[in-house]
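**Q** Below: sequence and its predicted model.
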Amino acid sequence: MQTVYLIRHGEISQSKPRRFVGRRDLPLTKHGREQIARLAEFLAKRAIDKILTSPLSRCVESAHIINKRLQIGTPHEMADLQEISLGDWEGLTVEEVKKRYPGEHEARGLDITNFRPSGGESFADLLLRAWPAFETISATAEKPVAVIAHSGANRALLCQILGIPLGNLFRLDQDYGCVNIIHLDSAVFRLERINYRPQPGLVSDSVPSP
């Protein structure tokens, strides 16, 4: 049985009002680094053999924080784990999108699976590139592995694992610094935990995963 620890990077800096992030390369906050350091303590009990990460800096920094604790070798970057590209929307607020691209924000709400912002991807596009990468990681891992990605990418992968429509992805929470524990046994995926955020001192954090 293979085990994958699918992680969302730590907290990133956000302006107010909030803006569409997509692939904007925003750094971790101090709190974000603390979230990942706490997660690293949890992962240190899990015999993880390898770290794979999106190449965006918020994930790469998270990967290096984890590796500083685990000491298992340089994290491997995989382009297909990147967050959804929001194209021309990136860096804009909702109100700015509505003003510059009339009707598009409403159209996205009507078909979150297939809508593509100008110059960007749909969530269907995201899943088409991310799922084969995740399948390969899961099928070839001889020991537990950590995969560090993003809110949108993780949600799309979890929809596929759970067999639920991609249009329901925002019903799945993915908090900063969370981990999803996924097992692959005889070509069948099983989700042990979703959106789990380890807290110091909890008994459950000290119990090895199956």
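**A** Noted; the coordinates are in hand.
**Q** Can you show me the strands along this structure?
**A** Remark: strands assigned in the chain by DSSP state E are 2-8, 50-53, 76-77, 145-149, 179-185, 188-196.
**Q** Quick check: which helices or strands does the longest one pack against?
**A** To tie it back to what came earlier, the one meant is strand 188-196. Here strand 188-196 touches helix 151-162, strand 179-185, going by 3 or more Cβ pairs under 8 Å, 6 or more residues apart in numbering; DSSP states H and E. Every residue, glycine included, has its C-beta placed from N, CA and C.
**Q** Over to the shortest one?
**A** Contact here means 3+ Cβ pairs under 8 Å, 6+ apart; on that basis strand 76-77 packs against strand 50-53.
**Q** Okay, now the sheet partners of the strand it packs on, with direction.
**A** With DSSP bridges as the test, strand 50-53 is paired with strand 76-77 (parallel), strand 145-149 (parallel).
**Q** Of these, which stretch is the most buried?
**A** Highest mean neighbour count among the strands paired with strand 50-53 (mean count of other Cβ atoms under 10 Å): strand 145-149, with a mean of 28.
**Q** If you compare the directions of that one and strand 179-185, what angle comes out?
**A** Interaxial angle of strand 145-149 relative to strand 179-185 (axes from the mean of the first three to the mean of the last three Cα atoms, to 10 degrees): 130 degrees.
**Q** what's the most buried one of the strands of the chain?
**A** Sort the strands of the chain by mean neighbour count, taking mean count of other Cβ under 10 Å, and strand 145-149 sits at the top with a mean of 28.
**Q** I'd like the helices and strands packed on strand 188-196 as a markdown table, with mean pLDDT appended.
**A** Converted to a markdown table, the helices and strands packed on strand 188-196 look like this (pLDDT from 0 to 100):
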| stretch | mean pLDDT |
| --- | --- |
| helix 151-162 | 98 |
| strand 179-185 | 96 |
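**Q** will you turn those into TSV that also has distance to residue 110?
**A** Shown next, in TSV, are the helices and strands packed on strand 188-196 (distance: least, Cβ to Cβ, whole Å):
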stretch	distance to residue 110
helix 151-162	18
strand 179-185	28
